[in-house]
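Undergrad: quick check, what structure comes out for this input:
(chains A, B and C)
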Amino acid sequence: MKIGYPCINTSIQRTTASTFRMASYSEKRLINTIKDNLNHLNNILEYNVKNEILFFRISSDLIPFASHPLCTFEWRKFFQLEFEQIGEYIKKNKIRISMHPDQFVILNSNNNKIIENSINELKYHCRILDAMYLDGSAKIQIHVGGVYGNKQEAINRFVDTYNKKIEGSDDCSLKKRLVIENDDRLYSLEDCLYISQDTGGIPIVFDCFHHTCYNNGEQLKSALQKAMSTWNRNKDGLSIVDYSSQDLGNGTNDKIRKGKHTGKINITSFKQFLKETQGLDFDIMLEIKDKEKSALKALKTLRSKTSSPISFTNQVGL
DNA sequence: CAGAGTCAAGCTGCG
DNA sequence: CGCAGCTTGACTCTG
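TA: Below you'll find the model as predicted:
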């Protein structure tokens, strides 16, 4: 079991800008930004290894405008050496890597142009992981998409796009990396399981918090086991679980939307989660605003659990 | 230099 | 109908 956090490290000072506006686009600016971003990624990974955080989600902003027609620069070729070095570091330290494209990636859109743009964006994510020569355990996770007034049709469109348009060639390993995640309003775990079957087994990232927002009455552990059954441990690595909890606000504002992520980890809830899922092994991505701070706390909690007389079968580093 | 306005991209539910 | 929310505010202009 590894514990990780997404995209940003709040403890590492950064002086350079990580992205820029389209109006400021130039090849020179692009190259400089990518250089800084790769350097910064390297610093984060070193921080993580030093602190034994061995799971990390790489930001989709690593290469600004990568899937935009405006960007014709061959960044993969230009930075091949840097990508390989980072990849070596990742493999040497057995770091788990994932990516999560943003909300604009919609494979079940009823507009072909949006599907095309989405696939280009997915290919961009895939090229990063391929450039680092990471295996199939380095995943790209997306949501199923919109409902458009008819869920069954929307699901069918997702399956159709996946089966016909997602490549699985050596050149682009997208199919072996792509995984779906249950969301908090539209596609439940049950919907995802249905899609997994129809796609010949796309793995499901179990988002624990989303599951509490939207479910079909399954208990946590059995729900998690169902999601885990869609993963092939040899090809896909350990199952990934997204963990967060509800933002309860500061007491003065009780209108916080259901589904909003919390600012920092609640250790009592986290312990409860570990207790309820005892006996299962998976990697946990903490979707929590204070990032590495919560990851450090969670790791400490996990360690104290594993070394306590009440033996947990979850073990760090497996 | 601080604060406000704006930023490539989609969809949904709320007020 | 505008806006917040989504994995994350950051960049850039104005005064």
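Undergrad: and DNA strand C, is the host helix or strand of A:Ile114 touching that?
TA: In this structure, A:Ile114 sits in helix A:112-131 according to DSSP states H and E. No - applying Cβ under 7 Å from any atom of the strand, one finds that helix A:112-131 is not in contact with DNA strand C, the shortest distance being 10.3 Å. (Each C-beta comes from the backbone N, C-alpha and C, glycine too.)
Undergrad: can you name the element that comes right after that helix?
TA: Remark: after helix A:112-131, the chain's next helix or strand is strand A:139-143, criterion DSSP H and E.
Undergrad: output the contacting helices and strands for that following strand.
TA: Packing partners of strand A:139-143 (3 or more Cβ pairs under 8 Å, 6 or more residues apart in numbering; DSSP states H and E): strand A:96-99, helix A:112-131, helix A:174-177, strand A:178-181.
Undergrad: buried sites along whichever helix or strand comes after it?
TA: Downstream of strand A:139-143, the first helix or strand assigned by DSSP H and E is helix A:151-165. For helix A:151-165, the neighbour count (16 or more other Cβ atoms under 10 Å) marks A:154-155, A:157-159, A:161-162 as buried.
Undergrad: what of stretch A:81-97?
TA: A:82-83, A:86-87, A:89-90, A:95-97.
Undergrad: report the two of these separated the most.
TA: Across these, no pair lies farther apart than A:Glu82 and A:Arg96, at 20.5 Å, counting by Cβ to Cβ.
Undergrad: kindly format the C-alpha coordinates of the lowest-mean-pLDDT helix or strand in chain A as CSV.
TA: Lowest by mean pLDDT, DSSP states H and E among the helices and strands of chain A is helix A:292-307, with a mean of 88. Only the C-alpha atoms of helix A:292-307 are listed here, as CSV (Å, rounded to 0.1, in the frame of the first residue of the first chain):
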residue,chain,number,x,y,z
GLU,A,292,1.8,16.4,1.0
LYS,A,293,1.0,17.6,4.6
SER,A,294,-2.0,15.2,4.7
ALA,A,295,0.0,12.5,2.9
LEU,A,296,2.7,12.6,5.7
LYS,A,297,0.0,12.4,8.4
ALA,A,298,-1.7,9.5,6.6
LEU,A,299,1.6,7.7,6.2
LYS,A,300,2.3,8.1,9.9
THR,A,301,-1.1,6.7,10.7
LEU,A,302,-0.6,3.7,8.4
ARG,A,303,2.8,3.0,10.0
SER,A,304,1.5,3.1,13.5
LYS,A,305,-1.3,0.7,12.5
THR,A,306,1.0,-1.7,10.8
SER,A,307,3.3,-1.9,13.7
